[in-house]
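Engineer: Mind looking at a prediction? Sequence and model below.
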Amino acid sequence: MADIVFRNVTKRYGATIAVDDASFTVNDNEFFCFFGPPLSGKSTMLRLVLGLETPDSGEILIGGSPVNTMSPAERNVAMVFQNLALFPHMSARDNVRFPLVEHRVAEAEIEKRVADVAAKLHIGHILHKPPAQLSGGERQRVAIARALVRDPNAYLMDDPISALDARLREETRVELKRIQRELGKTLIYVTHDQEEAMSVADRIAILENGRIRQIGAPAEIYDRPASTYVARLLGSPMMNILKSLRGEGGVEAAEGAIRIADKAAPADAVEIGVRPEDIKVRPWSDGEISEGGVSDGRAGRPARVFEVEPLGGYTVVTLAAGQARLRALLRGQPDIRPDAMVAISCEPGRVHYFGQSGAALGR
Ligand code: ADP
Ligand code: MG
């Protein structure tokens with residue numbers, strides 16, 4: 001059992017609060033992800049778990065035991081650092097063996113564990129090579145194998161695949177997910193890539209300036225972001241967040257281009273959020289809806305197509321409505337051109353409401 005618990009943990013560097021009163025539990029066997037912009041406290045969280053930093057206040061427990069006064073070795077948590085420093089003069093095999101040799105594990109056990117981890121990471125065929133003869137992705141896998149071989153209580157990874165090119169990152173994150181599941185160990189993972197966080201994590205903790213803003217399963221955070229801050233972090237293109245006004249029979253945004261017939265909309269909403277995939281776009285035809293009029297209770301004024309990005313399986317359309325810009329994600333390759341006039345709409349149930357502070361409003 002290696003759940004990891006933070007109780008009101010704060011860590012300061014001088015006047016900077018790197019981690020601000022964090023309380024959360026990472027469950028045993030969980031793939032838990034910290035996600036946030038640079039300097040939001042992600043690496044500090046990991047260093048606190050590892051024992052490279054001690055909290056100024058609060059308590060950390062690993063597997064039920066308080067670890068504040070334990071050394072990193074006593075905590076038995078393995079870290080994969082951002083810069084994958086393999087020993088250049090050693091073969092991949094000796095790199096992977098190194099932590100076990102250091103801990104004086106018996107030779108037969110070393111061989112068994114290296115073979116095991118090499119099979120899981122598909123590196124058996126390259127173990128004889130020195131790092132200089134390996135590709136970036138292979139070096140990555142060797143470095144991960146070196147961390148996994150020790151059989152620790154939990155693994156920590158700090159943006160371990162950020163140096164890889166996009167295609168290799170996509171492959172490696174799928175492997176990481178499979179490896180974590182097979183190992184059945186707690187993994188705390190840091191990434192700055194929202195798609196990677198959503199793809200790998202059982203749960204994500206969203207950080208802002210050392211504070212945890214939301215914790216939940218990726219789909220939960222995506223569907224019910226607690227604030228405009230969180231809403232903007234997950235999703236690409238990001239959620240459209242627009243100033244809103246109460247109008248006749250509902251809510252208006254984007255200078256009247258969006259009208260939502262939602263009498264139950266929270267009265268204190270000042271902004272609405274609509275995911276690009278929830279925006280419907282259809283050609284504007286004269287007379288269909290009279291200018292400024294509301295024929296079906298939902299249609300608004302026309303918007304103009306500002307730009308079209310065909311991405312193969314889907315198309316991103318940027319729309320202009322007065323000063324407002326919004327983006328719609330359409331399936332396939334619709335016949336839509338810049339400067340066309342269109343009608344836009346969205347289901348009332350797909351609209352997020354936010355108050356003055358940016359907090360999501362319950363309904
Ligand atoms: P992230 O990993 O999300 O980029 P960090 O945890 O590295 O964020 O940093 C969080 C905050 O703590 C930042 O403001 C950073 O400047 C500060 N910080 C981190 N480590 C140190 C340190 N060793 N000395 C001083 N400030 C630090
Ligand atoms: Mg960092």
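Structural biologist: Noted; the coordinates are in hand. Numbering: from 1, shown residues only. Ligands and ions are numbered 1, 2, ... in the order given.
Engineer: part of a helix, is K177?
Structural biologist: Yes: judged by DSSP: H, G, I helix; E, B strand; the rest coil, K177 forms part of a helix.
Engineer: shouldn't it be in contact with F31?
Structural biologist: Yes: assessed by Cβ atoms under 8 Å, K177 is found in contact with F31 at 6.9 Å. C-betas here are computed from N, CA, C, even on glycine.
Engineer: any residues in contact with both of the two?
Structural biologist: Both K177 and F31 are contacted by V200, under the criterion Cβ atoms under 8 Å, 6 or more residues apart in numbering.
Engineer: So which of those two has more stuff around it?
Structural biologist: F31 (21 against 16; other Cβ atoms under 10 Å).
Engineer: Domain boundaries for the chain, per the record?
Structural biologist: 4-226, 237-361 (automatic domain parsing).
Engineer: quick one, what contacts the residue of the stretch 51-200 of the chain found nearest ligand 1?
Structural biologist: Relative to ligand 1, the nearest point of the stretch 51-200 of the chain is V190 (6.6 Å; Cβ to the nearest ligand atom). V190 sits next to C33, F34, F35, K42, S43, M45, L46, M157, D158, D159 when contact means Cβ under 8 Å, 6+ apart.
Engineer: my guess is the last one contacts R173, does it?
Structural biologist: No: under the contact definition of Cβ under 8 Å, D159 does not touch R173, with a separation of 11.7 Å.
Engineer: Give the residue spans of the chain that score low on pLDDT.
Structural biologist: Residues of the chain meeting the criterion pLDDT under 70: 81-84, 286-299, 363.
Engineer: Need the residue closest to the centroid of it.
Structural biologist: Using Cα atoms, centre = their mean, the residue of the chain that lies closest to the mean C-alpha position is A197, 3.1 Å off.
Engineer: That one - that's part of a helix, no?
Structural biologist: Yes: assigned with three-state DSSP, A197 falls within a helix.
Engineer: in the sheet, who's paired with the residue nearest to it when sequence neighbours are not counted?
Structural biologist: Among residues not flanking A197 along the chain, F35 sits closest, at 4.2 Å (Cβ to Cβ, 6 or more residues apart in numbering). Counting by DSSP bridges, F35 is bridged to T191, I206.
Engineer: ok, now how distant is F35 from ligand 1?
Structural biologist: F35 is 9 Å from ligand 1, where distance means Cβ to the nearest ligand atom, to the nearest Å.
Engineer: Tell me who's in contact with that residue.
Structural biologist: Contacts of F35 by Cβ under 8 Å, 6+ apart are 42, 190-192, 194, 197, 201, 204-207, 233-234.
Engineer: where along the stretch 51-200 of the chain do the helices fall?
Structural biologist: Using DSSP state H, counting those that start in this stretch, the helices of the stretch 51-200 of the chain run over residues 72-75, 92-102, 107-121, 136-148, 166-183, 194-200.
Engineer: okay, the angle between the third one and helix 166-183?
Structural biologist: In this case it means helix 107-121. 130 degrees (axes from the mean of the first three to the mean of the last three Cα atoms, to 10 degrees).
Engineer: Report all helices and strands that helix 107-121 contacts.
Structural biologist: When contacts are defined as 3 or more Cβ pairs under 8 Å, 6 or more residues apart in numbering; DSSP states H and E, helix 107-121 sits against helix 92-102, helix 136-148, helix 166-183.
Engineer: mind listing what's buried in it?
Structural biologist: I110, R113, V114, V117, A118, K120, L121 (16 or more other Cβ atoms under 10 Å).
Engineer: wait, the first one sits on L100?
Structural biologist: Yes: the pair I110 and L100 passes the contact test of Cβ under 8 Å, sitting 4.6 Å apart.
Engineer: burial measure for F24, as a count.
Structural biologist: Counted with other Cβ under 10 Å, residues neighbouring F24 total 15.
Engineer: Also D20?
Structural biologist: 16.
Engineer: what's the helix or strand for it?
Structural biologist: Secondary structure assignment for D20, by DSSP states H and E: strand 16-26.
Engineer: If you count neighbours, what's buried in the strand or helix carrying F306?
Structural biologist: Following DSSP H and E, one finds F306 within strand 303-310. Going by neighbour count (16+ other Cβ under 10 Å), the buried part of strand 303-310 is A303, R304, V305, V308.
Engineer: Is stretch 56-76 in proximity to ligand 1?
Structural biologist: No: against ligand 1, stretch 56-76 shows no contacts by Cβ under 6 Å from any ligand atom, the least distance being 12.4 Å.
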